[in-house]
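Chemist: Got a predicted model here, sequence first, then my questions.
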Amino acid sequence: MGVHNANNEIQRTPKVTPEMKVAFRGWLHQDTMRTPKDMSRLLKEALAKQEIALLGNELLPTLQQIQGAVKTIRCKEFGHLSTTEAAEAELAKWVEPERGNVGDANRPFAFGVDIIEDQLRPHLGDGGDESFRCGLTTFRLMDKYRSACVQHPNTNLLLHIDSTFKTNKSGYPVSLQVFPAIQYLMCFFHVMQKCWEHGRQMEWSEWDAVTEDIYFLHMSSSRDMLDVRMRNVHIKWGQGSVTMQRFRNYFYRQWLPPF
């Protein structure tokens, strides 16, 4: 029998290969705010799909090695040293335009962002515990909201806000001081998802009609209008199939209990 010699073994070491660096560049060009952790995840997915191959004497690079490679690419090709600079560069494209210079009324822009005046760039903070908040809207949307307020001063307006509920509810001073009695509706996506789970046994034509009615209820501009629509929809669904009637019982019990 031969003698095992450990010195003759090929040492496998973690390494960022040139092929991986090419992949990192491509992923950064797709999204400059991707982090080294994102790169590590994408690299593992690419290896699993055999889009990138490891040679016989290589191991998957460590996160620290990926961080070094990404930092070098950012510095040489993008001109920034961190994801913060990348985020600031991207956010600078969306900051609120100068007053009077509306341009495209449908173009979204960011507001509520601190600007470093001497550098004319947005400030994302210093990495502390203070939250960073940024709003997005358009001039046309703001104009529609203003017109609705002027034309219907005594009507409640329903605003669809895409935001984390707790942040929206507790974080903004306007919610606590200016509109303390504001009413928050259930996440409508969650409502429709649960309704779909309970309405799968209905025919497609029935589900289409039910969906239209739910949206009809959701867009009620006052409690009085909602009450009238609730009664009409309740009668309408009661005239449908047994499956629709079962769904009616679920919907009104779960989502409209005051009825």
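Modeler: Nice, thanks for sending it over. Residues are numbered from 1 along each chain as shown.
Chemist: And the strands in this structure?
Modeler: With strands called from DSSP state E, the chain shows them at 13-14, 58-59, 109-111, 115-116, 121-122, 135-137.
Chemist: Can you pull out the low-pLDDT segments for this structure?
Modeler: The model of the chain has pLDDT under 70 over residues 1-12, 54-58, 80-83, 96-102, 117-121, 125-132, 158-186, 258-259.
Chemist: residue ranges of the helices in the stretch 51-200 of the chain, please?
Modeler: Assigned by DSSP state H, counting those that start in this stretch, the stretch 51-200 of the chain shows helices spanning 63-73, 83-91, 139-151, 165-166, 173, 188-198.
Chemist: still on that earlier bit, just name the most buried of the strands of the chain.
Modeler: Neighbour counts (mean count of other C-beta atoms under 10 Å) averaged over each of the strands of the chain peak at strand 121-122, with a mean of 18. To be clear about C-beta, it is placed using only N, CA and C from the backbone, and glycine gets the same treatment.
Chemist: Output the helices of the stretch 51-200 of the chain as JSON lines; include the columns distance to Tyr252 and mean neighbour count.
Modeler: Shown next, in JSON lines, are these (distance: least, C-beta to C-beta, whole Å; neighbours: other C-beta atoms under 10 Å):
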{"stretch": "helix 63-73", "distance to Tyr252": "52", "mean neighbour count": "16"}
{"stretch": "helix 83-91", "distance to Tyr252": "45", "mean neighbour count": "16"}
{"stretch": "helix 139-151", "distance to Tyr252": "30", "mean neighbour count": "12"}
{"stretch": "helix 165-166", "distance to Tyr252": "24", "mean neighbour count": "10"}
{"stretch": "helix 173", "distance to Tyr252": "37", "mean neighbour count": "7"}
{"stretch": "helix 188-198", "distance to Tyr252": "12", "mean neighbour count": "13"}
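Chemist: And these: which comes nearest Met39?
Modeler: Among the helices of the stretch 51-200 of the chain, helix 63-73 comes nearest to Met39, with 5.3 Å by C-beta to C-beta.
Chemist: what residues does the closest one touch?
Modeler: Helix 63-73 has contacts (C-beta atoms under 8 Å, 6 or more residues apart in numbering) with 14-16, 20-21, 24-25, 28, 36-37, 39-40, 43, 61, 81.
Chemist: can you list the helices of the stretch 51-200 of the chain in TSV and add distance to Leu47?
Modeler: Below are these laid out as TSV (distance: least, C-beta to C-beta, whole Å):
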stretch	distance to Leu47
helix 63-73	13
helix 83-91	24
helix 139-151	44
helix 165-166	38
helix 173	48
helix 188-198	34
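Chemist: which of the contacts of helix 63-73 count as buried?
Modeler: Neighbour counting over those (16 or more other C-beta atoms under 10 Å) leaves Val16, Met20, Phe24, Arg25, Leu28, Pro36, Met39, Ser40, Leu43, Pro61 as the buried ones.
Chemist: All set now, cheers.
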